[in-house]
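**Q** Take a look and give me a structure for this.
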Amino acid sequence: MVKVGIIGSGNTIGIARSHIGAYKCCPDVQITAVYDLLDGRAQGYIEKMELADAKACASLEELFSLCDAVSICTPNCTHVELAVAALKAGKHVLCEKPFAPTPAECDEAIKYAKLSGKVAMIGLCYRDIPGFVYMKKLLDEGKLGKIYFVREEQGGDRIAHPDVKLEWRMQKDLSGPGALADFGSHMMDICDYLLRDHCGKIMEVACMQDICIPEREIIGKPGKMGKVTNDDVACWICRTESGTLYNFTASRIGATFMLEIVGEGGKMIFNGDRPFELTLQLKELTGGYASRPEVVPVPEECFGGDENAPRIPFAINFYYEIRQFIDAIEKGEESLLTFERGRYIQTLIAAAQEAADNAEHVYILDDED
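**A** The predicted model follows:
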């Protein structure tokens, strides 16, 4: 039985909820501790999530004494410090994305992960969404042949309301980039994971950004406004080693979750509202389109085969992320979602931010994940 501690319960999005839901589906896991910086929040979360075996901890040290592994679900600027503390305490670590505001800040956590020999994973969990699993299967079977271009959009609607207060994620010193990092980390991880074997690595990026709601009310200070200092919307284009263009839009003030891949064998479209199906319009590699797009359910083999996995959109991929973490701890199975992978994705985000800041194309050095 792996004993898990949750660091950070969240005030708005509360990504810890998804971690906890996945852990509760694992019969070999017990959540034993919850810690939050704000008094009372950990106990409230324990009650809300019905964590009968968990204790609300007054300090990180108390949490570490009660668990074997931790999920870090806190603001981006705290990830490395907390990961290092957990690794030094001999705990396995699953850290939410984005890893840190800048790539260089990731290095200390990577160093201690190597020194400790503990499992150290980054939370890039969208790979296990069944629609993406099916996309990878079709791509690896060569159904699309040469890839012509890719278009991806992700985001959220909650922050579109101007009355949403000034959160940490809207402040560059706490978050790094805004929508670019928050959603872009998943977007670039998915495209690179699905397509690197076919298109090569991302080598060049150009980017533009906008802050659509420049001021918001400061939390705890009614009527006092503060500046939003990172992007509400980011649009960027990447070119791969093969020359394929990836076109990305990340928005936290209204967006559709979709991924379209077009190649010489046709096109496939993932719609985040229907993650258990794809829209396919395939053709002969040397011919034209002879049929209309068809909505196709994801085949059973792309659901992972684990009877404990919830057949609920987005709960299923968090489950497989958590299952990968626990299997790495219990069985020594290797994870692809290493801290090095997290740093690599931050390198891509940093290149896009540099391109936006300087209104120029940025060429990405060979920084292997």
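**Q** Restricting to C-alpha, output stretch 99-119 in PDB.
**A** These are the backbone C-alpha positions of stretch 99-119, laid out as PDB (Å, rounded to 0.1, in the frame of the first residue of the first chain):
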ATOM      1  CA  PHE A  99       7.100  22.600 -13.900                       C
ATOM      2  CA  ALA A 100       8.400  26.100 -13.100                       C
ATOM      3  CA  PRO A 101       8.200  29.700 -14.500                       C
ATOM      4  CA  THR A 102      11.500  29.200 -16.400                       C
ATOM      5  CA  PRO A 103      13.500  26.100 -17.600                       C
ATOM      6  CA  ALA A 104      16.500  27.000 -15.500                       C
ATOM      7  CA  GLU A 105      14.500  26.800 -12.300                       C
ATOM      8  CA  CYS A 106      13.700  23.200 -13.000                       C
ATOM      9  CA  ASP A 107      17.400  22.100 -12.700                       C
ATOM     10  CA  GLU A 108      17.600  21.900  -8.900                       C
ATOM     11  CA  ALA A 109      14.600  19.500  -8.800                       C
ATOM     12  CA  ILE A 110      16.100  17.400 -11.600                       C
ATOM     13  CA  LYS A 111      19.400  17.200  -9.600                       C
ATOM     14  CA  TYR A 112      17.800  16.000  -6.400                       C
ATOM     15  CA  ALA A 113      15.600  13.500  -8.300                       C
ATOM     16  CA  LYS A 114      18.800  11.900  -9.600                       C
ATOM     17  CA  LEU A 115      20.500  12.000  -6.200                       C
ATOM     18  CA  SER A 116      17.500  10.500  -4.400                       C
ATOM     19  CA  GLY A 117      16.700   7.700  -6.800                       C
ATOM     20  CA  LYS A 118      13.000   8.400  -6.100                       C
ATOM     21  CA  VAL A 119      10.300   8.500  -8.800                       C
END
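**Q** List the contacts of that stretch.
**A** Contact with stretch 99-119 is made by 69, 76-77, 79-80, 83-84, 87-88, 90-95, 120, 122, 172-177, 181, 325, 328-329, 335, 338-340, 342-343, 345-347, 350, 367, as judged by Cβ atoms under 8 Å, 6 or more residues apart in numbering. Yep, even glycine has a C-beta here, placed from its N, CA and C like the rest.
**Q** Give the buried residues for that stretch.
**A** Neighbour counts over stretch 99-119 (16 or more other Cβ atoms under 10 Å) mark 99-103, 105-106, 109-110, 112-113, 116, 118-119 as buried.
**Q** Kindly report the same for stretch 332-349.
**A** 335, 337-349.
**Q** got it, and stretch 14-32?
**A** For stretch 14-32, by 16+ other Cβ under 10 Å, it's 14-26, 29-32.
**Q** starting at the chain centroid, how far to that stretch?
**A** 17 Å (Cα atoms, centre = their mean, to the nearest Å).
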